[in-house]
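A.B. asks: 3D, please:
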Amino acid sequence: MGGLDELLDRQDGVLSVRQALWFLSRSALRARVRSGRWQRAHRNVLVAHNGALTERQRLWVASLAAGPDEPAPIAGLTALIAHGLRGFEAPTVWVVLPTNRDHRAPPAGVTVRQTTTLLPRDIHPVARPPRTRAPRSLVDAAAWARTDLEARGIVAACYQQRLVRHDDVLDALARAPRARRRRLTAATARDAAGGATSVGELDLLAAIRRAGLPEPKLQLRRRDAGGKVRYLDGYYPEYGLHLEVDGAHHDDPLQAWADMDRQNALWQRGERVLRFPAWMVRDRPDVVVARIRDALRAAGWPG
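C.D. replies: Residues are numbered from 1 along each chain as shown. Predicted coordinates for the structure are as follows:
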């Protein structure tokens, strides 16, 4: 039974019927399921206990259910979350397969996508269950997102959380010339690599560019009077003008006070601060741009 135990350990207690038959007869396999020692998570996938499944076991079930001969790689947003992406929940478990590979009907809550561009280099070499590398996962997650806004948010978060390198994302995009939202993903990745690490900052940068205003430095690292390192959403050092985009987390009382305290310190140094809620940047960019233009001119911008 050593081989079976090793397989169960390697796959978190989940195995396909085909794998189980390497070690057990059909009658012995049926006996384990009928006795309740094991459970059938899918017609072709078994779990070697009768309790609730862990998140990793859910991923193994999806991987083994989709691949008839070997585990299929987890992909897209599901893979990014497995890589450590925070702040998102996948509406389904995404699995990817080459178009020339047969696959079975997946269980509920699992979506199988097939592609002609999946290469061995796209698969993480040691992750279990198998999953696509973060750059390929980003490209797929953006393509499969429910909206453009969600796609942009995923790309920005991957950069902000240091899950990807820009060169690797560009390489993954180059190998997926027909990917959905490819241009949007490339543009968002370019801005995220330049420092825009939230959808609000991306919207702000886009509005500034459309208006023909000078572009601020993004996510500039500064140390405040108390020695704490802070990152500025946008900053014009030559005009002493700060731009801040406030997301929902700024409504927290402690965060709100930290924002006020920092703004007070900046005013004491003679610098200007403009703050906008993220919804205003998105829905009324004309108002936002007008305020920035006026502030720049007041600070000496000749435009």
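
A.B. asks: ok, residue 217 to residue 196 distance?
C.D. replies: Distance from residue 217 to residue 196, counting by Cβ to Cβ, to the nearest Å: 11 Å. Every residue, glycine included, has its C-beta placed from N, CA and C.

A.B. asks: And those two? Which one has more around it.
C.D. replies: A count of neighbours by other Cβ atoms under 10 Å puts residue 196 above the other of residue 217 and residue 196, at 26 against 13.

A.B. asks: and the closest residue to that one other than its chain neighbours, what element?
C.D. replies: Closest residue to residue 196 apart from its sequence neighbours, by Cβ to Cβ, 6 or more residues apart in numbering: residue 202 at 4.8 Å. Using DSSP states H and E, residue 202 falls within helix 199-211.

A.B. asks: In that helix, which residues are buried?
C.D. replies: Using 16 or more other Cβ atoms under 10 Å as the test for burial, helix 199-211 gives 199, 200, 201, 202, 203, 204, 205, 206, 207, 208.

A.B. asks: Outside of it itself, which residues are in contact with it?
C.D. replies: 149, 152-153, 156, 188, 191-192, 195-196, 214-216, 218-219, 233-234, 243, 245-247, 276, 278, 281-282, 285, 288-289, 292-293 (Cβ atoms under 8 Å, 6 or more residues apart in numbering).

A.B. asks: Closest one of the buried residues of helix 199-211 to residue 92?
C.D. replies: Nearest to residue 92 out of those is residue 199 (Cβ to Cβ; 22.2 Å).

A.B. asks: Would you map the strands across this protein?
C.D. replies: 14-16, 39-42, 45-47, 93-98, 110-115, 217-223, 229-236, 241-246, 272-277 (DSSP state E).

A.B. asks: which of these has the lowest average pLDDT?
C.D. replies: With a mean of 70, strand 217-223 has the lowest mean pLDDT of the strands of the chain.

A.B. asks: just to revisit the earlier point, looking at the strands of the chain, which is buried most?
C.D. replies: Comparing those by mean neighbour count (mean count of other Cβ atoms under 10 Å), strand 14-16 ranks first with a mean of 26.

A.B. asks: JSON lines for the strands of the chain, including distance to residue 172?
C.D. replies: Formatted as JSON lines, the strands of the chain follow (distance: least, Cβ to Cβ, whole Å):
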{"stretch": "strand 14-16", "distance to residue 172": "29"}
{"stretch": "strand 39-42", "distance to residue 172": "30"}
{"stretch": "strand 45-47", "distance to residue 172": "30"}
{"stretch": "strand 93-98", "distance to residue 172": "13"}
{"stretch": "strand 110-115", "distance to residue 172": "12"}
{"stretch": "strand 217-223", "distance to residue 172": "23"}
{"stretch": "strand 229-236", "distance to residue 172": "26"}
{"stretch": "strand 241-246", "distance to residue 172": "28"}
{"stretch": "strand 272-277", "distance to residue 172": "33"}
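
A.B. asks: mind checking which of those is nearest residue 71?
C.D. replies: Per Cβ to Cβ, nearest to residue 71 of the strands of the chain: strand 14-16, 8.3 Å.

A.B. asks: to the chain's geometric centre, what's the distance from the closest one?
C.D. replies: Remark: strand 14-16 is offset 28 Å from the chain centroid, using Cα atoms, centre = their mean, to the nearest Å.

A.B. asks: One more: stretch 108-117?
C.D. replies: Centroid displacement of stretch 108-117 relative to its chain, using Cα atoms, centre = their mean, is 18 Å.

A.B. asks: on that earlier part again, can you check which of the strands of the chain gets nearest to residue 56?
C.D. replies: By Cβ to Cβ (comparing all of the strands of the chain), the closest turns out to be strand 14-16, at 8.6 Å.
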